[in-house]
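Chemist: here is my input; please provide its structure:
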Amino acid sequence: MQAAPVRPPSVTTALRALEGLLLGGGQRTARRNAWSAVLEDRRRAQDRQEAQHVLEAVSARAARAT
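Modeler: You can find the predicted model right below:
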């Protein structure tokens, strides 16, 4: 029976391991929380943009109907 070839770690895995060595747990948590906040801000901005498009479309229809 042959053993499966061992794959080297991905870049993400290697960076997380390096981050674990260099930063304390609190800093790691803070960095992840900050990134989560950035992603949530992007989602909210996209939602606002979509809502604006819907409102503009409804407004344009109402203007044409009068």
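Chemist: can you give me the pLDDT of G25?
Modeler: Note on G25: pLDDT of 73.
Chemist: ok, A3 next?
Modeler: At A3 the predicted local distance difference test score is 69.
Chemist: same question, the one 10 residues further on
Modeler: Reading off the confidence values, T13 has pLDDT 88.
Chemist: can you list the buried residues in the helix or strand containing it?
Modeler: Following DSSP states H and E, one finds T13 within helix 11-22. Neighbour counts over helix 11-22 (16 or more other C-beta atoms under 10 Å) mark no residue as buried. From N, CA and C alone the C-beta is placed, and that goes for glycine too.
Chemist: just the C-alpha atoms of it, please, in PDB.
Modeler: Output of helix 11-22 as PDB, limited to C-alpha atoms (Å, rounded to 0.1, in the frame of the first residue of the first chain):
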ATOM      1  CA  VAL A  11      -0.100  30.100   1.400                       C
ATOM      2  CA  THR A  12      -3.000  30.900   3.700                       C
ATOM      3  CA  THR A  13      -2.100  28.100   6.100                       C
ATOM      4  CA  ALA A  14       1.500  29.200   6.100                       C
ATOM      5  CA  LEU A  15       0.600  32.800   6.800                       C
ATOM      6  CA  ARG A  16      -1.700  31.900   9.600                       C
ATOM      7  CA  ALA A  17       1.000  29.800  11.200                       C
ATOM      8  CA  LEU A  18       3.500  32.600  10.900                       C
ATOM      9  CA  GLU A  19       0.900  35.000  12.400                       C
ATOM     10  CA  GLY A  20       0.400  32.600  15.300                       C
ATOM     11  CA  LEU A  21       4.100  32.700  16.000                       C
ATOM     12  CA  LEU A  22       4.500  36.500  15.700                       C
END
